[in-house]
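Asker: pasting the sequence and the predicted coordinates here, then a few questions.
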Amino acid sequence: MRALGLDTSNYTTSAAVFDGAGGRNAGKLLEVKAGTLGLRQSEALFQHVKALPDRVAELKEGGLLEGVAAVAASTRPRAVEGSYMPCFLAGESLGRSLAHTLNVPFFAVSHQQGHLAAAAWSAGCMELLDRPFLAWHLSGGTTELLLVEPDGVNLKAERIGGTTDISAGQLIDRTGVLLGLAFPAGKALDELAQTCTDHSKPFPVKLRGLEFSLSGVENQVKDLLEKGENAERVAAFALDTVAHVVRRTTVAAQNEHPGLPVLCSGGVASNSRLREALSPLNAFFAQPQYSTDNAMGVAILAHRLAKESK
């Protein structure tokens, strides 16, 4: 049995197929003008509508749409009341239409649930989906520490910590754009930071329980640039600060929830400094191509939900 998943986040159009063991994701970044910090929702929605047919066609050309028995789409950012972004309408609309055409069930999941499922599968630890665990969702719009529990074969995620203002991804992208890097800037900033051999100390972000603020770090980045600090050290400063506070928060959470592993998902989770900081803490990471926005987790959940409904 194969399941088709669709995800139309604010910056990536993707479609994926999962057969219970493996699958394939077909994704395309949306076009963002140089020097800007993102897209309006109307523009993102327009680009998704244009890009989705080609993503599905890519899977069809690979012979992967034969035997599709379920379709799912991410219909909102998180599975909580009031969570909504117009860009997800593109995937949901096409997903429902395909399910009706194929006469197969349609399942609505959240973008966050998809991230967690894709991370667990690509990290080789699908068993996590059937037990409680901690998880970081680290992306351009979200920096949340979650307590995740099974909800049937889906996932229930409760926010227990994270940022109180800008996300780690926003800090990284804003730092990158200030340094003249293209948006989104995560990969390029990571590569730039790796060339730095003389690191400055991370900014001492204050931790309140399991929550913290990153807006002050953005101000520190701007101050360093105004003082003429070189780009490599600024990049390393921003990334080391994120890695340091995420690590401290993880340790605090594991003290409150002894024995729970931590799964890291979202584009920021592919950062090399963050992985180095969290690796000793019983942490699991999505493979880099499944850290960023993708539809594989949506397809995985569709497969699990379809099997449960039989």
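Answerer: Sure, I can see it. Only a predicted model underlies this, so the values are computations on that prediction, with no experimental measurement involved.

Asker: residues in contact with the residue lying closest to Ser291 once chain neighbours are set aside?
Answerer: Excluding the flanking residues, the one nearest Ser291 by C-beta to C-beta, 6 or more residues apart in numbering is Ser270, at 3.8 Å. Where you see a C-beta, it was placed from the backbone N, CA and C, and this is true even at glycine. Contacts here follow C-beta atoms under 8 Å, 6 or more residues apart in numbering; on that basis Ser270 touches 186-187, 190, 285-286, 288, 291-292.

Asker: inside helices: which ones of these?
Answerer: Among the contacts of Ser270, the ones falling in helices (DSSP state H) are 186-187, 190, 288, 291.

Asker: hmm, back to that, turn the contacts of Ser270 into JSON lines, including pLDDT and neighbour count.
Answerer: Conversion of the contacts of Ser270 to JSON lines gives the following (pLDDT from 0 to 100; neighbours: other C-beta atoms under 10 Å):
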{"residue": "Gly186", "pLDDT": "92", "neighbour count": "27"}
{"residue": "Lys187", "pLDDT": "92", "neighbour count": "17"}
{"residue": "Asp190", "pLDDT": "96", "neighbour count": "20"}
{"residue": "Phe285", "pLDDT": "95", "neighbour count": "23"}
{"residue": "Ala286", "pLDDT": "92", "neighbour count": "27"}
{"residue": "Pro288", "pLDDT": "87", "neighbour count": "15"}
{"residue": "Ser291", "pLDDT": "88", "neighbour count": "26"}
{"residue": "Thr292", "pLDDT": "88", "neighbour count": "26"}
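
Asker: Thr36: which of those residues is nearest?
Answerer: Gly186 (15.9 Å; C-beta to C-beta).

Asker: wait, that closest one touches Gly266, no?
Answerer: No. Using C-beta atoms under 8 Å, Gly186 makes no contact with Gly266, being 10.0 Å away.

Asker: shared neighbours of these two, anything?
Answerer: What both Gly186 and Gly266 touch, as defined by C-beta under 8 Å, 6+ apart, is the set Gly169.

Asker: spit out the contact partners of Glu58.
Answerer: Taking C-beta under 8 Å, 6+ apart as the test, what Glu58 contacts is 15, 26.

Asker: distance from the helix or strand encompassing it to the middle of the chain?
Answerer: Following DSSP states H and E, one finds Glu58 within helix 41-61. For helix 41-61, the separation from the chain centroid amounts to 19 Å (computed by C-alpha atoms, centre = their mean, to the nearest Å).
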